[in-house]
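Q: Sequence plus the predicted model coming up.
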Amino acid sequence: MAQRSATSSRASTPVGSPAKGPKKAPSVGTSTPLRKASNDQQNLDMAGLNLNENVDVSSTIAEEPPKMILARDKVLEEAKRLLDAESANGKKGISLVVIGHVDAGKSTLMGRLLYELGKLDEKTRRANERGSDKIGKSSFSWAWGLDGTVEERERGITMDVALQSLETPHRQITILDAPGHKDFIPNMISGASQADCALLVVDATTGEFESGFQKGGQTREHLLLVRSLGVAQVIVAVNKLDQVEWSRARYEEICEELRPFLIQSGFQPSKTKFVPVGAVQGINLVGRDKVLGAQLSEWYKGPTLVDLLDVLVPPARDIISPLRVPISNISKRQNLGASVSGRLCGGVVQVGEKLRVLPGDETAIVKGIDIEDQSVPWAASGSNVVLHLTAIDPVHLHTGSVLCPPTDLVPLAVVFTARIIVFDIQVPITAGTSVELYHHSRDVPATTSKLITTIDRATGKAIKSNPRVLTKNTSAEVEITLRGTKVSGSTMTTRGIAIEPFAVNKDMGRILIRRGGETIAAGVVLEIIG
Ligand SMILES: Nc1nc2c(ncn2[C@@H]2O[C@H](COP(=O)(O)OP(=O)(O)OP(=O)(O)O)[C@@H](O)[C@H]2O)c(=O)[nH]1
């Protein structure tokens with residue numbers, strides 16, 4: 001489930017400058033989204049995320065590990081000071097996952113937006129135009145700004161999450177362009193688990209919106225997934241309106257269809273915004289061209305996409321809780337150390353710090369920290385970082401493993417209880433159903449070993465103990481047991497995963513449950529049993 005950086009990487013807001021430190025003060029990103037939970041959603045309301053990128057490794061195992069320069073208290077103090085300064089005047093950092101049905105125009109929209117905002121230069125744009133034309137895919141030239149691999153370009157689809165960053169007047173936004181095709185949902189989950197908010201792109205073309213929104217279409221599944229992963233704010237970009245002659249009726253019809261589903265999925269109406277756009281022509285992204293946007297301007301006087309991005313509410317950051325960094329991507333080099341990327345789910349990390357890698361017995365030392373390709377002396381919760389590690393054999397590092405302080409370990413769970421919400425499924429869940437468990441960038445085989453009780457979604461009270469089955473839209477408390485993943489000799493052994501109750505760390509306590517390529521439930525961890 002690798003994730004790549006399109007051309008740039010993680011955007012967090014760089015602020016201030018520490019007294020001592022290699023280069024530049026760290027940006028303090030975001031971790032625990034601000035959201036008011038209610039009823040059922042309260043229990044499912046969980047913060048996400050970690051973010052990643054591929055970076056060259058620059059550490060050797062043999063070299064002298066760096067020493068910590070600052071005491072933890074000092075780092076916390078400074079992080080707090082910078083956070084306060086950031087909220088007072090600086091640009092606020094936020095990460096945004098771009099979701100939607102295949103071919104809705106997500107990459108095109110992002111490519112064009114980057115261009116409009118001056119992040120994609122004219123030379124690259126022309127090269128993309130020529131390149132896409134050469135292979136008969138000229139309509140994908142804007143998407144090439146995000147879809148960087150040969151296969152993606154040849155097939156005209158996004159397969160992996162692309163990272164980019166852009167700036168609006170008041171926000172520094174990390175963009176995670178997720179794949180729309182259902183075969184790449186695990187990559188989409190990895191991307192969504194690192195986002196604070198979502199941009200849903202829908203295709204207004206007659207019949208296309210409908211096929212994306214019908215059962216089995218990715219519009220529904222993506223919305224449910226991101227909400228389950230803690231994303232509470234969504235902007236809906238109604239795209240390709242040029243295909244329906246900028247029809248106001250069509251735009252409103254789509255908004256009306258989506259509204260009830262958004263509410264039902266747990267998005268508060270006040271946190272859901274709609275905007276009409278034309279990605280290819282760049283209409284209503286940053287402005288409305290007098291000629292090209294004339295038809296839209298006749299009936300639409302509202303905000304542009306950038307206006308809406310500029311007022312996204314950044315989540316709160318929990319810098320006091322213990323450090324947790326779920327690894328979302330690793331870059332290793334022979335005889336060199338490794339660089340891992342991920343989002344800080346709590347706490348602070350600094351150069352010279354020793355970290356434990358879980359599961360496993362290994363520790364590593366942080367040799368360097370990058371945020372947005374800038375070297376920083378420390379980083380705080382919510383930041384999406386690249387950690388250059390030394391004093392560890394990279395063989396011990398895996399995507400989905402969690403880095404934490406050796407003195408404050410994340411529990412390893414093989415059996416745990418969770419409160420889940422069952423999605424719109426045909427085949428009910430029973431005790432013993434085999435499933436795939438998703439936690440950040442890790443997926444492991446598991447079983448719903450016990451159905452403990454069904455729960456009233458409105459009151460949160462237990463309804464029926466030991467139910468025989470869980471049908472669609474039920475809320476329930478279940479026990480989940482990981483299944484054996486490793487054969488040693490003839491014995492099947494099961495390794496625990498680093499996971500925490502939602503009550504302890506929201507970002508570490510969210511799970512998704514899939515079966516046969518379909519997401520069947522989402523939930524929060526209640527208790528680690530063993
Ligand atoms: N007419 C028209 N076509 C558009 C618009 N936006 C995107 N397209 C076309 O829609 C097709 C799909 O665009 P992409 O950007 O690759 O779609 P996507 O949602 O990123 O696709 P996946 O990531 O593979 O799901 C391309 O041929 C684009 O040129 C638009 O505003 N108008």
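A: Arrived safely, thanks for sending. Since the model is a prediction, treat every value here as computed from it, not as a measurement.

Q: Check which element follows the lowest-mean-pLDDT helix or strand in the chain along the chain.
A: Of all the helices and strands that make up the chain, helix 39-44 has the lowest average by mean pLDDT, DSSP states H and E, namely a mean of 37. For helix 39-44, the following helix or strand on the C-terminal side (DSSP states H and E) is helix 72-88.

Q: Just the CA coordinates for that next one, please, in CSV.
A: Extracted in CSV, the C-alpha atoms of helix 72-88 (Å, rounded to 0.1, in the frame of the first residue of the first chain):
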residue,chain,number,x,y,z
ARG,A,72,11.0,17.1,26.1
ASP,A,73,9.4,19.9,28.2
LYS,A,74,11.2,22.5,26.1
VAL,A,75,9.9,20.9,22.9
LEU,A,76,6.4,20.8,24.2
GLU,A,77,6.6,24.4,25.3
GLU,A,78,7.9,25.5,21.9
ALA,A,79,5.3,23.4,20.1
LYS,A,80,2.6,25.1,22.1
ARG,A,81,4.0,28.5,21.5
LEU,A,82,4.2,27.9,17.7
LEU,A,83,0.7,26.4,17.7
ASP,A,84,-0.7,29.5,19.3
ALA,A,85,1.2,31.7,16.9
GLU,A,86,-0.1,29.7,14.0
SER,A,87,-3.7,30.1,15.1
ALA,A,88,-3.2,33.8,15.7
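
Q: Could you list every helix and strand that it packs against?
A: strand 348-350, strand 378-380 (3 or more C-beta pairs under 8 Å, 6 or more residues apart in numbering; DSSP states H and E). The way it works is simple: take the backbone N, C-alpha and C, and place the C-beta from them, glycine included.

Q: wait, isn't Phe274 in contact with Asn239?
A: No. Judged on C-beta atoms under 8 Å, Phe274 makes no contact with Asn239 at a distance of 11.6 Å.

Q: Look at those two and report which has more neighbours.
A: Neighbours were counted for Phe274 and for Asn239 using other C-beta atoms under 10 Å; Asn239 has more, 29 against 21.

Q: So that one sits against Arg112, correct?
A: No. Applying C-beta under 8 Å as the test, Asn239 and Arg112 come out as separate, 10.4 Å apart.

Q: Identify the contacts common to the two.
A: Residues touching both Asn239 and Arg112 (C-beta atoms under 8 Å, 6 or more residues apart in numbering) are Ala279.

Q: Would you tell me which of the helices and strands packed on helix 72-88 gets closest to the ligand?
A: Each of the helices and strands packed on helix 72-88 has some distance to the ligand by C-beta to the nearest ligand atom; the shortest is strand 378-380, at 29.9 Å.

Q: after that closest one, next one along is what?
A: Strand 378-380 is succeeded, C-terminally, by strand 384-390 (DSSP H and E).

Q: who are the neighbours of that next one, in terms of helices and strands?
A: Looks like strand 384-390 contacts strand 338-343, strand 363-371 (3+ C-beta pairs under 8 Å, 6+ apart).

Q: Return the list of helices and strands in contact with the last one.
A: Helices and strands in packing contact with strand 363-371 are listed as strand 348-350, strand 354-358, strand 374-376, strand 378-380, strand 384-390; criterion 3+ C-beta pairs under 8 Å, 6+ apart.

Q: Deepest in the core, which of those strands is it.
A: Comparing those by mean neighbour count (mean count of other C-beta atoms under 10 Å), strand 378-380 ranks first with a mean of 30.

Q: Now do it: which elements does it pack against?
A: Here strand 378-380 touches helix 72-88, strand 348-350, strand 363-371, going by 3+ C-beta pairs under 8 Å, 6+ apart.

Q: quick one: low-confidence parts of the stretch 251-400 of the chain?
A: Residues of the stretch 251-400 of the chain meeting the criterion pLDDT under 70: 333-336.

Q: who in it is up against the ligand?
A: Counting by C-beta under 6 Å from any ligand atom, the stretch 251-400 of the chain comes close to the ligand at 278-280.

Q: Closest one to Glu256 out of those residues, please.
A: Using C-beta to C-beta, Gly278 is the member of these that lies nearest Glu256, at 20.5 Å.

Q: so how far is the ligand from the closest residue to that closest one other than its chain neighbours?
A: Closest residue to Gly278 apart from its sequence neighbours, by C-beta to C-beta, 6 or more residues apart in numbering: Asp242 at 4.8 Å. Applying C-beta to the nearest ligand atom, to the nearest Å, the value for Asp242 to the ligand is 5 Å.

Q: is it true that Asp242 lies in a strand?
A: No. The assignment for Asp242 (DSSP: H, G, I helix; E, B strand; the rest coil) gives helix, which keeps it out of a strand.

Q: and it, how many neighbours?
A: By the criterion of other C-beta under 10 Å, Asp242 has 18 neighbours.

Q: what does Asp183 give?
A: Residues contacting Asp183 under the criterion other C-beta under 10 Å number 11.

Q: now swap in Trp299 and tell me
A: Number of residues near Trp299 (other C-beta under 10 Å) recorded here: 14.

Q: so where's the stretch 401-530 of the chain uncertain?
A: 457-458, 485-493.

Q: In it, what residue comes closest to the ligand?
A: Closest contact between the stretch 401-530 of the chain and the ligand, by C-beta to the nearest ligand atom, is at Gly517 (16.5 Å).

Q: these two touch, right, that residue and Lys182?
A: Yes. Applying C-beta under 8 Å as the test, Gly517 and Lys182 come out as touching, 7.3 Å apart.

Q: quick one, which of the two is more surrounded?
A: Each of Gly517 and Lys182 has its neighbours counted (other C-beta under 10 Å); Lys182 has more, 16 against 10.

Q: Any figure for the gap between that one and the ligand?
A: Lys182 is 10 Å from the ligand, where distance means C-beta to the nearest ligand atom.

Q: Could you do Lys332 as well?
A: Lys332 sits 28 Å away from the ligand, going by C-beta to the nearest ligand atom.

Q: hang on, isn't that residue packed against His396?
A: No. Applying C-beta under 8 Å, one finds Lys332 not in contact with His396, separated by 10.6 Å.

Q: these two touch, right, Val226 and Gln194?
A: No. Taking contacts as C-beta under 8 Å, Val226 lies outside contact range of Gln194: 10.9 Å.

Q: got any residues that touch both of those two?
A: By C-beta under 8 Å, 6+ apart, the residues touching both Val226 and Gln194 are Val97.

Q: who has more neighbours, these two?
A: More neighbours surround Gln194 than the other of Val226 and Gln194, with 32 against 28 (other C-beta under 10 Å).

Q: Looks like that one contacts Ser95 (just checking).
A: Yes. With contact defined as C-beta under 8 Å, Gln194 reaches Ser95; the gap is 6.2 Å.
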